[in-house]
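Here is my input, please return the structure:
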Amino acid sequence: MSDSSQPTRGIAILGSTGSIGTQALEVIREQPEILHAEVLTAHRNAELLIQQALEFKPNTVVIGDLSRLGEVKDALWEHGIKVYGGPEALEQVVEMEGIQVVLTALVGAAGLRPTLRAIRAKKTIALANKETLVVAGELVMQEAQAAGVDIHPVDSEHSAIYQCLAGEILNPIEKVILTASGGPFRGQSREELMRVTKAQALKHPNWDMGAKITIDSASMMNKGLEVIEAKWLFDVRMDQIEVVVHPQSIVHSCVQFEDGSIKAQLGLPDMKLPIQYALGYPRRLANSFERFSFFDHPHLTFEKPDLTAFRNLQLAFDAGNKGGNAPAVLNAANEVAVARFLQDELSFIGMTDAIEHALNQVDWESRPDLSDLLASDEAARAAAQAFNR
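Numbering: from 1, shown residues only. So this is what the prediction gives:
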């Protein structure tokens, strides 16, 4: 559905072949007169990137893996689509004149540099890369404020909070409440988690996501990273953030104000809605997405997270409270731990042990600059890779 009265908004999708990127293109497909895919990028999935480019006709595509550059160029040159390769091209392309919104849908800390570059180019940010704020939240928010750049969160939980805060600029937040599905192992003890297999961990009960985020959700590290992200996005203290397990994933998150009132955003577990909200902000664009009905979901339940079984969430709260480079260490160690779990090098519980090991090994810095954070990231990866138990 489209609205010809609105000017077309140029969108750069960093990570167009991933879960968020492909769903963002579904949104753009439905809003052709309002949203246009100006730039598409992928790391190494050349086949899908070519397919997307042929359908959406972007101005430019970037393939991160230089070994696939020739293949992409050969497929697209006769269609007038510019093709570049490598990480430097990924950072440069966000400065293009035809881009109004940069959707950062890259996985992991790789999203930090392009996001900072886009902020400095005064592009609106649709942030689907929570690691950017986990690693360098203070720096990124300071740069965004200095540049007068808006950051619209794409995570369903942070989008929900963002929506709840609309019109509440004069009303202080008492607490933000992040909901969590609990993942496939909700209710299991630490002893039971010791026997978890990779195949079991890759099956999320409600959401369709990439492998890394699915594992993070199963270990509850995803929620931990979201807690740290919320601290920076909404300028709240760690003790103003509460996590509530909500297995149905209908209440996406809530805000409690100082009068005790709670506002919540509800909907089906479908990432296209928060993606569209971020890309179309401040307008809510009409669409044909499936609608939520209370009659189809008569029972909504809520419970406390088990911080003993799911220690990743506690580690994230601890890192967020400690501040400095601790969240960057947490994130980097987790990326390595998840990769090692997927390669059968670590057990499910072993991921948490590797992360804790890195947090203990890497020196803490209270006021890190970008170079300090990148050095901490590298040191944490090395520590998590070397961990063996």
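
what residues are up against residue 146?
With contact taken as CB atoms under 8 Å, 6 or more residues apart in numbering, residue 146 is in contact with no other residue. In this view, the C-beta of every residue, glycine as well, is placed from N, C-alpha and C.

And it, how close does it get to residue 140?
Going from residue 146 to residue 140 by CB to CB, to the nearest Å gives 11 Å.

residues touching residue 136, list them.
112, 116, 328, 370, 373.

Residue 273: which of those residues is nearest?
Sorting those by distance to residue 273 puts residue 112 at the head of the list, at 26.1 Å, by CB to CB.

Give me the pLDDT for residue 209.
In the predicted model, residue 209 carries a pLDDT score of 68.

what's around residue 308, how many residues?
Other residues within reach of residue 308 by the criterion other CB atoms under 10 Å amount to 9.

Kindly report the same for residue 22.
16.

do the same with residue 343
Neighbouring residues of residue 343 were enumerated by other CB under 10 Å; the total is 9.

For it, give me phi and psi.
For residue 343, the backbone dihedrals are phi -100, psi 10 (criterion: degrees, to the nearest 10).

just residue 105 next, same as before
Main-chain dihedrals, residue 105, degrees, to the nearest 10: phi -110, psi 20.

Show me how the record splits the protein into domains.
The chain breaks down into these domains under automatic domain parsing: 9-153, 160-266+296-386.

need the contact list for residue 65.
So residue 65 contacts 43, 44, 46, 85 (CB under 8 Å, 6+ apart).

Recalculate using a threshold of 10 Å.
42, 43, 44, 45, 46, 71, 72, 85, 86, 87 (CB atoms under 10 Å, 6 or more residues apart in numbering).

Mind jotting down where the helices sit in the stretch 1-150 of the chain?
19-30, 46-56, 69-76, 87-93, 112-120, 131-147 (DSSP state H, counting those that start in this stretch).

Tabulate those helices (JSON lines), appending distance to residue 277 and mean pLDDT.
Supplementary listing: these in JSON lines, determined by distance: least, CB to CB, whole Å; pLDDT from 0 to 100:
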{"stretch": "helix 19-30", "distance to residue 277": "10", "mean pLDDT": "96"}
{"stretch": "helix 46-56", "distance to residue 277": "20", "mean pLDDT": "98"}
{"stretch": "helix 69-76", "distance to residue 277": "31", "mean pLDDT": "98"}
{"stretch": "helix 87-93", "distance to residue 277": "24", "mean pLDDT": "95"}
{"stretch": "helix 112-120", "distance to residue 277": "19", "mean pLDDT": "96"}
{"stretch": "helix 131-147", "distance to residue 277": "18", "mean pLDDT": "96"}
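
To residue 279, which of the domains of the chain lies closest?
domain 9-153 (5.8 Å).

Can you give me the end-to-end span of that closest one?
Start-to-end span of domain 9-153 (CA to CA, to the nearest Å) is 18 Å.

Buried ones only from the contacts of residue 65, please, as a PyMOL command.
Buried subset of these, written as a PyMOL selection, criterion 16 or more other CB atoms under 10 Å:
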select buried, resi 42+43+45+46+71+72+85
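
Secondary structure class of residue 253, three-state.
Classification of residue 253 by DSSP: H, G, I helix; E, B strand; the rest coil places it in strand.

related to what we said a few turns ago, anything in contact with each of residue 146 and residue 140?
Between them, residue 146 and residue 140 share these contacting residues under CB under 10 Å, 6+ apart: residue 119.

Could I get the contacting residues of residue 124?
When contacts are counted by CB under 10 Å, 6+ apart, residue 124 is found next to 9, 11, 99-103, 118, 144, 149-152, 278-279, 281.

try residue 322
Contacts were defined as CB under 10 Å, 6+ apart; by that measure residue 322 touches 238, 329, 330, 359, 364, 366.

how much space between it and residue 228?
Distance check for residue 322 against residue 228: by CB to CB, it reads 11 Å.

Can you pull the residues that touch both of the two?
Residues touching both residue 322 and residue 228 by CB under 10 Å, 6+ apart: 238, 330.

Which SSE is immediately downstream of the helix or strand containing residue 232?
Secondary structure assignment for residue 232, by DSSP states H and E: helix 221-233. Sequence-wise, the next helix or strand downstream of helix 221-233 (DSSP H and E) is strand 241-245.

Residues contacting that following strand, please?
So strand 241-245 is in contact with 157, 173, 175-183, 186-187, 220, 223-224, 226-228, 230-231, 234, 251, 253-254, 256, 301-307, 310, 313, 316-317, 320, going by CB under 10 Å, 6+ apart.

quick one: low-confidence parts of this protein?
For the chain, residues meeting the criterion pLDDT under 70 lie at 1-6, 206-209.

of all the helices of the stretch 1-150 of the chain, which lies closest to residue 353?
Among these, helix 131-147 comes nearest to residue 353, with 20.0 Å by CB to CB.

tilt between the closest one and helix 221-233?
Here helix 131-147 runs at an angle of 10 degrees relative to helix 221-233 (axes from the mean of the first three to the mean of the last three CA atoms, to 10 degrees).

Mind listing what's buried along helix 131-147?
Along helix 131-147, these residues count as buried under the neighbour rule (16+ other CB under 10 Å): 131-141, 143-144.

Going by distance to residue 215, which of the residues you listed wins?
residue 131 (14.2 Å).

tell me the contacts of residue 348?
Residues counted as contacts of residue 348 (CB under 10 Å, 6+ apart) are 185, 192-198, 200-201, 215, 218-219, 341.

Now it, what are its backbone angles?
With angles defined as degrees, to the nearest 10, residue 348 shows backbone torsions of phi -60, psi -50.

what's the distance between it and residue 214?
Using CB to CB, we find residue 348 at a distance of 13 Å from residue 214.

Residue 323 now?
Residue 323 sits 28 Å away from residue 214, taking CB to CB as the criterion.

Between the two, which has more neighbouring residues?
In this comparison of residue 323 against residue 214, neighbours counted by other CB under 10 Å, the higher total goes to residue 214 at 21 against 18.
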